[in-house]
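A.B. asks: Here is my input; please provide its structure:
(chains A and B)
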Amino acid sequence: EPEVTQTPSHQVTQMGQEVILRCVPISNHLYFYWYRQILGQKVEFLVSFYNNEISEKSEIFDDQFSVERPDGSNFTLKIRSTKLEDSAMYFCASSPRSEAFFGQGTRLTVV
Amino acid sequence: AQSVTQLDSQVPVFEEAPVELRCNYSSSVSVYLFWYVQYPNQGLQLLLKYLSGSTLVKGINGFEAEFNKSQTSFHLRKPSVHISDTAEYFCAVSGNDYKLSFGAGTTVTVRA
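C.D. replies: This next block holds a predicted model:
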């Protein structure tokens, strides 16, 4: 069964460093998303991506964040200069239309 | 914009007992409704979804939910739980933009 794959599963980075979280969505899906879940809190929408451009972004998704689909298969989330409060589980999701399929997540720890 | 309220933050339940997790939503447009489960240290797995049609939807692992438009609810039920159902359960709603808005989650702890 096809699935969304995220790498790495866990990343520790120093404050101020850049991180790139990678995702391989399910092929033939058209919509791609990033969500995050701060420990003990609910899952929050970050950004949606369709037709090779951002279709919607939340207030959380400020200038420190960017997304790319560099090669037609991978879907990446970059955080330019990490802050302690960026520590969270980041989930990638892809969707053919209405139902989202989630990856296992990347746990980002900023120290 | 859509939003979701999960009315119970924690639900302890004995094995083989029934469980109901309550979810209310608000939206100004037609909605799609979902329940996801998150086992410890794992990702989000879809339990079931309501897109249209029958208001009673059945999902995996014996779960079902009923869409009630007049009460704007989408409560999740299981007639007999197992220890393995111990997890966090999230109700979510989306509109035509397919962006999910999640509730705060309900922690279900099943005891023997």
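
A.B. asks: Chain B contacts on chain A?
C.D. replies: Residues of chain A found near chain B (CB under 8 Å from any CB of the partner chain) are A:31, A:33, A:35, A:41-45, A:48, A:55-56, A:91, A:93, A:95, A:97-105. Backbone N, C-alpha and C define where each C-beta goes, glycine included.

A.B. asks: Buried ones among the residues you listed?
C.D. replies: Among the residues of chain A next to chain B, those buried by neighbour count (16 or more other CB atoms under 10 Å in any protein chain shown) are A:31, A:33, A:35, A:42-45, A:48, A:91, A:93, A:95, A:100-105.

A.B. asks: Can you flag which of these belong to strands?
C.D. replies: Of these, the ones assigned to strands by DSSP state E are A:31, A:33, A:35, A:43-45, A:48, A:91, A:93, A:95, A:101-102.

A.B. asks: how far away is the residue lying closest to B:F14 once chain neighbours are set aside from chain A?
C.D. replies: Closest residue in space to B:F14, ignoring its immediate chain neighbours: B:R111 at 5.5 Å, by CB to CB, 6 or more residues apart in numbering or on different chains. Taking CB to the nearest CB, to the nearest Å as the measure, B:R111 falls 22 Å from chain A.

A.B. asks: Which pLDDT value goes with B:R111?
C.D. replies: At B:R111, the pLDDT value in this model is 96.

A.B. asks: Please report how far it lies from B:R77.
C.D. replies: B:R111 sits 19 Å away from B:R77, going by CB to CB, to the nearest Å.

A.B. asks: more crowded one of these two?
C.D. replies: Using other CB atoms under 10 Å in any protein chain shown as the criterion, B:R111 and B:R77 rank with B:R77 on top: 15 against 11.

A.B. asks: Please name the nearest non-neighbouring residue to the more buried one.
C.D. replies: Nearest non-adjacent residue to B:R77, counting by CB to CB, 6+ apart: B:E20, 4.9 Å away.

A.B. asks: Doesn't the one you found belong to a helix?
C.D. replies: No: when DSSP: H, G, I helix; E, B strand; the rest coil is applied, B:E20 is found to be strand, with no helix at that position.

A.B. asks: Local confidence estimate at the closest residue to A:F49 other than its chain neighbours?
C.D. replies: Excluding its sequence neighbours, the residue lying closest to A:F49 (CB to CB, 6+ apart) is A:F32, at 4.3 Å. Among the per-residue scores, A:F32 holds a pLDDT of 94.
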